[in-house]
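**Q** quick one, fold the following:
(chains A and B)
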Amino acid sequence: MDEINLMEISKLDKSFGGLSAVQDFNFQIDENELVGLIGPNGAGKTTVFNLITGVYKPDNGCIMFKGENLVGMAPYTICAKGVARTFQNIRLFNDLSVLDNVKIATHKNVPYGLMSAILRTPGFYRGEEEIETEALKYLEIFNLKNKKDELAKNLPYGEQRRIEIVRALATRPLLLILDEPAAGMNPQETQELMELIRYIRHEFNLTILLIEHDMSLVMGVCERLYVLDYGQIIAEGTPSEIRSNKRVIEAYLGEDVG
Amino acid sequence: MQKVNNKWIKLGVEVLILAALFTLVQYLITAGLLKQYYQISLASMCINVILAVSLSLINGFTGQLSLGHAGFMAVGAYIAAIMTNMLDLPFITGIVAACLGAGLAGFIIGVPTLRLKGDYLAIATLAFGEIIRVTLQNIDYVNGPAGIMGISKLSTWSWLFGGAIITIVVIVNLVNSSYGRAIISIREDEIASELMGINTTKYKVLAFVVGAGFAGLAGALYAHYFYIIKPETFNFLKSFDILVMVVLGGLGSTTGAIIAALFITALTAALQSFPAIRMVLYALILIIVMIYRPQGLMGNKELSMKIFGRIWGGRN
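**A** Model (predicted):
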């Protein structure tokens, strides 16, 4: 079997005013791959995520996902096609319970109609039970089931980060995009997170793209890396290739590696 | 099984309480024991509950600040009055047409304005509310500024009470469903909501249309209780009155909106002979609530049987 490109991005450009944030960005990811996007602060990594998920419209270029161009689609349509993401600066629904946060992400597959909800038909109760079972299943994987009734804003930082992943997972994505999932976590939490990422990828047959600053996480978990600097890809390859790439060392890893 | 039983018991108790309340008032009215003054207050309470609950769907749950609710009420009032008074159609036709007409007005106004956020949306809806009022003032068919007079008094206690209950049931059921969660997620974080697969524009418009439709119902009931409707009745101050109820009750709480609507209507009625004091007191209450309880009386919590159950359980 040929490996299929799940997503292929070509010649993506985006500038804000006079500042070019992303330039001639080319990228591909195959089904079931786990790819990392790294680069110094301000390199344009999150901008790339925002372009893929439809938050920003690119000036140029195309983003092919399963043979369809995502450029110009609304974020919710892109989500419906199977791309889900987390946010670098956590964006949970703060005043809602953890369970509701996850339930909201299942809404695009809502199993009953609006009229059924208003008239409280048996289908509504069945559907609500399905939604709850599914949401709890995801929370269980991330060991958050006992926190289901807490307000999202009352949880510690690390748990909020995990709920973000659970919520993205609940949209049943094909491609999961994680924006610095380990930010603010201690080494042990990061280690656990790595194992979880490997587990969900296998369990849900996911393709994962992640941005991370934590080098141990990136090098340990990713199969392939792209390095972004000043909005341009400066290197691509396996972690060991990247580790010894001169341009990368100059631009990013600096003397720490030397 | 236990769960199913609880559901039916809860529903049974609720229906029983409401039926008892309805029958009691109905009996008092037919027996002539309820003074005109109290009857008017009860009618106003029902109408204001419909207005506050429907606006709380838009302002409280969807988080879209709308200041044009009286405009939709006006659309409903005029459509219903035209149907019954001028076209001699039955009251129910007038009510249905009022809801649909106001809902349609909500759609027409919502689609362009709901792209706007916060203050901008508030100003746009305020302007649209005024446009509706000024338009009515300039249509000769409905007598311009003089309004429609001599509307038959068709809003009986059954219609008023039934209208309020239907509004509450529909909006509570909507809010407590996956559709409601989608609507609430817009209030919480619109960008995250959109990226979790929710068509935020669609749900904002949905909430706006449903809210406007029920404002139309309130308008229809109002027109057929107070005989007379004038464009001036549905001015900005009326929208503001409804907004105060929602804010006082707590944004995102249906029971809060109901309690605040009942309280403010009762207060207004009690202080009718002292209009000057009324406005001062009104302002004072608002200031005090905003200082000591900025989230409103109920916050975003609901007063439910569960709480009573807990109190009961605690005593045993």
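**Q** is B:Leu297 part of a helix or strand, or is it coil?
**A** coil (DSSP: H, G, I helix; E, B strand; the rest coil).
**Q** how much space separates it from A:Pro75?
**A** Note on B:Leu297: its distance to A:Pro75, by CB to CB, to the nearest Å, is 36 Å. (Glycine included, C-beta is placed from N, CA and C.)
**Q** neighbour count: those two, which is higher?
**A** The residue with more neighbours, out of B:Leu297 and A:Pro75, is A:Pro75; 23 against 19, by other CB atoms under 10 Å in any protein chain shown.
**Q** pull out the buried positions in stretch B:143-152.
**A** Using 16 or more other CB atoms under 10 Å in any protein chain shown as the test for burial, stretch B:143-152 gives B:147-148, B:151.
**Q** burial measure for A:Ile234, as a count.
**A** Neighbourhood size, A:Ile234 [other CB under 10 Å]: 17.
**Q** so it touches A:Leu228, yeah?
**A** Yes - if you go by CB atoms under 8 Å, A:Ile234 and A:Leu228 touch, sitting 7.2 Å apart.
**Q** sorry, back to before: just put the buried residues of stretch B:143-152 in JSON lines and tack on secondary structure and distance to A:Gln23.
**A** As requested, the buried residues of stretch B:143-152 are exported to JSON lines (DSSP: H, G, I helix; E, B strand; the rest coil; distance: CB to CB, whole Å):
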{"residue": "B:Gly147", "secondary structure": "coil", "distance to A:Gln23": "64"}
{"residue": "B:Ile148", "secondary structure": "strand", "distance to A:Gln23": "65"}
{"residue": "B:Ile151", "secondary structure": "coil", "distance to A:Gln23": "68"}
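**Q** closest to chain A out of those?
**A** Compare each of the buried residues of stretch B:143-152 with chain A using CB to the nearest CB and the shortest gap goes to B:Ile151, at 30.0 Å.
**Q** give me phi/psi at that closest one?
**A** B:Ile151 adopts backbone torsions of phi -70, psi 140, taken as degrees, to the nearest 10.
**Q** that one is in contact with B:Met86, isn't it?
**A** No - counting by CB under 8 Å, B:Ile151 does not reach B:Met86; the two are 9.9 Å apart.
**Q** all helices of the chain, in order?
**A** Looking at chain A here, since you left the chain open. Along chain A, the segments classed as helices by DSSP state H run A:45-52, A:75-81, A:98-105, A:114-119, A:122-141, A:157-169, A:187-203, A:215-221, A:239-243, A:246-248.
**Q** please refer instead to chain B.
**A** In chain B, the helices defined using DSSP H lie at B:2-30, B:36-55, B:69-81, B:91-113, B:118-137, B:157-175, B:178-188, B:190-195, B:200-223, B:236-249, B:254-270, B:275-292, B:305-315.
**Q** which ones are touching residue 121?
**A** Went with chain A since none was named. When contacts are counted by CB atoms under 8 Å, 6 or more residues apart in numbering or on different chains, A:Thr121 touches A:Tyr112.
**Q** switch to chain B, that's the one I care about
**A** B:Leu121 is in contact with B:64-66, B:113-114, counting by CB under 8 Å, 6+ apart.
**Q** cool, A:Asp59 as well?
**A** Contacts for A:Asp59 were tallied using CB under 8 Å, 6+ apart; they are A:13-15.
**Q** show me just the buried residues among the residues you listed.
**A** When the contacts of A:Asp59 are checked for burial by 16+ other CB under 10 Å, the buried set is A:13-14.
**Q** between the contacts of A:Asp59, which sits nearest chain B?
**A** A:Lys14 (17.4 Å).
**Q** ok, and the closest non-adjacent residue to that closest one?
**A** A:Val22 (4.5 Å; CB to CB, 6 or more residues apart in numbering or on different chains).
**Q** could you list the low-pLDDT ranges of chain B?
**A** Within chain B, the stretches with pLDDT under 70 are B:1-4, B:304-316.
**Q** how close does the nearest residue to B:Ala105 once chain neighbours are set aside get to B:Gly213?
**A** In space, and not counting its chain neighbours, B:Ala105 is closest to B:Val75: 4.7 Å by CB to CB, 6+ apart. Using CB to CB, B:Val75 is found at 10 Å from B:Gly213.
**Q** contacting residues around the residue of the stretch 201-316 of chain B at minimum distance from chain A?
**A** Residue nearest to chain A within the stretch 201-316 of chain B (CB to the nearest CB): B:Asn300, separated by 6.5 Å. Applying CB under 8 Å, 6+ apart to B:Asn300 gives the contacts A:95, B:60, B:250-253.
**Q** can you say which of the residues you listed are buried?
**A** Buried residues within the contacts of B:Asn300, counting neighbours by 16+ other CB under 10 Å: B:60, B:250-253.
**Q** okay if I get those residues as TSV plus distance to chain A?
**A** What follows is the buried ones among the contacts of B:Asn300, written out as TSV (distance: CB to the nearest CB, whole Å):
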residue	distance to chain A
B:Gly60	12
B:Gly250	12
B:Leu251	11
B:Gly252	8
B:Ser253	12
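**Q** from the residues you listed, which is closest to B:Leu28?
**A** Checking these against B:Leu28 by CB to CB gives B:Ser253 as the nearest, at 29.8 Å.
**Q** distance from stretch B:186-206 to the middle of the chain?
**A** Counting by CA atoms, centre = their mean, to the nearest Å, stretch B:186-206 is centred 23 Å from the centre of its parent chain.
**Q** kindly apply the preceding question to stretch B:132-152 instead.
**A** Centre-to-centre, stretch B:132-152 and its host chain are 23 Å apart (CA atoms, centre = their mean).
**Q** quick revisit: most tightly packed of the helices of chain B?
**A** Of the helices of chain B, the one with the most neighbours on average (mean count of other CB atoms under 10 Å in any protein chain shown) is helix B:69-81, at a mean of 31.
**Q** what angle separates that helix from helix B:200-223?
**A** Counting by axes from the mean of the first three to the mean of the last three CA atoms, to 10 degrees, helix B:69-81 points 60 degrees away from the direction of helix B:200-223.
**Q** helices or strands next to helix B:69-81 in the packing?
**A** If contacts are counted by 3 or more CB pairs under 8 Å, 6 or more residues apart in numbering or on different chains; DSSP states H and E, helix B:69-81 sits against helix B:36-55, helix B:91-113, helix B:118-137, helix B:200-223, helix B:236-249.
**Q** returning to what we had before: dump the buried residues of stretch B:143-152 to CSV, plus distance to chain A.
**A** Output for these, formatted as CSV (distance: CB to the nearest CB, whole Å):
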residue, distance to chain A
B:Gly147, 34
B:Ile148, 32
B:Ile151, 30
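**Q** still on that earlier bit, for B:Phe234, state which of the buried ones among the contacts of B:Asn300 is nearest.
**A** Distance to B:Phe234 across these (CB to CB) is lowest for B:Gly60, with 21.5 Å.
**Q** surely the closest one touches B:Gly252?
**A** Yes - B:Gly60 is within contact range of B:Gly252, at 4.4 Å (criterion: CB under 8 Å).
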